[in-house]
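[1] What follows is a predicted structure for the sequence shown.
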Amino acid sequence: GQQVMQIPQYQHVQEGEDFTTYCNSSTTLSNIQWYKQRPGGHPVFLIQLVKSGEVKKQKRLTFQFGEAKKNSSLHITATQTTDVGTYFCAGLSGYSTLTFGKGTMLLVSP
Amino acid sequence: KAGVTQTPRYLIKTRGQQVTLSCSPISGHRSVSWYQQTPGQGLQFLFEYFSETQRNKGNFPGRFSGRQFSNSRSEMNVSTLELGDSALYLCASSLDAGNYGYTFGSGTRLTVV
């Protein structure tokens, strides 16, 4: 079945440093979504990418969808302590279910 | 608008018992999906319902079942509980699963002792 791999599993940065998490799918995706889960919370939808090569920005967050629609990345510029949490990518392939990666846990030290 | 409501928030059950979890989606959302979240396995898909029909099912044993009612509310049931069923169970609603983004509930934390 469809698999979504996410790296790294964990990253610890100093406040102000940049952060990137990468997502790779075993199959071509119709869309990819990103979620953030704060410690003790539930996943919150951030964004959806649909088009090949698409790039979207949300303030300090930049999301990219690969040309082959099998990979994606989330880049955070100048991290803040409020960015702490686990970032999940989730891919949709055809009429199958939304498959989540295992997430990247981000820790930001002040 | 009200978010996704899951009840109960916490449950402690004994091995062998059964449990029913409830989810009320956002008004107008007809798709409800259930996920199991554990530290080691991340978010694992259980099943998805759309307009009272199960459209997809994950790789979980038959002890895990669910249903959706005409008002889109959904329940999931786990019978003959095992220690390994201890997890956070998350319900997510969407206009149409996967295509518009999910809104998750706060989850039900199930502990099996």
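    Noted; the coordinates are in hand.

[2] In the lowest-mean-pLDDT helix or strand in chain A, which residues are buried?
    Comparing every helix and strand of chain A by mean pLDDT, DSSP states H and E singles out strand A:98-100 as the least confident one, with a mean of 90. Judged by neighbour count using 16 or more other CB atoms under 10 Å in any protein chain shown, the buried positions of strand A:98-100 are A:98, A:99, A:100. C-beta here means a position set from N, CA and C on the backbone, and glycine is covered the same way.

[3] near chain B too, which of those residues?
    Residues shared between those and the neighbourhood of chain B are A:98, A:99, A:100 [CB under 8 Å from any CB of the partner chain].

[4] Nearest to residue A:35 among those?
    Using CB to CB, residue A:100 comes nearest to residue A:35 of these, at 7.8 Å.

[5] is it true that that closest one touches residue A:4?
    Yes. Contact criterion CB atoms under 8 Å: residue A:100 and residue A:4 qualify, at 6.5 Å.

[6] How confident was the prediction at the residue nearest the centre of chain B?
    Ranked by distance to the mean C-alpha position of chain B (CA atoms, centre = their mean), the top residue is residue B:34 at 3.3 Å. Reading off the confidence values, residue B:34 has pLDDT 97.

[7] And residue A:57, by the same measure?
    Checking the pLDDT column for residue A:57, the value is 97.

[8] just to revisit the earlier point, shared neighbours of residue A:100 and residue A:4, anything?
    Contact criterion CB atoms under 8 Å, 6 or more residues apart in numbering or on different chains; residues bridging residue A:100 and residue A:4 by contacting each: A:89, A:90.

[9] Please name the nearest non-neighbouring residue to residue B:6.
    residue B:105 (3.8 Å; CB to CB, 6 or more residues apart in numbering or on different chains).

[10] list the contacts for the one you found?
    Contacts for residue B:105 (CB under 8 Å, 6+ apart) come out as A:42, B:3, B:4, B:5, B:6, B:23, B:90, B:91, B:92, B:93.

[11] ok, the second one to residue B:104 distance?
    Here the criterion is CB to CB, to the nearest Å. By it, residue B:3 lies 9 Å from residue B:104.

[12] and those two? which has more neighbours close in?
    When residue B:3 and residue B:104 are compared for neighbours, residue B:104 comes out ahead with 23 against 14, by other CB atoms under 10 Å in any protein chain shown.

[13] Now do the contacts for that one.
    Each residue near residue B:104 by CB under 8 Å, 6+ apart is listed here: A:35, A:42, A:43, A:44, A:45, B:4, B:90, B:91, B:92.

[14] can you rerun that using 6 Å?
    A:42, A:43, B:90, B:92 (CB atoms under 6 Å, 6 or more residues apart in numbering or on different chains).

[15] Equivalent analysis for residue A:27, please.
    Going by CB under 6 Å, 6+ apart, residue A:27 touches A:2, A:93.

[16] that older thread, what is the nearest of the contacts of residue B:105 to residue A:65?
    Scanning the contacts of residue B:105 for proximity to residue A:65, where the rule is CB to CB, the winner is residue B:92, at 21.4 Å.
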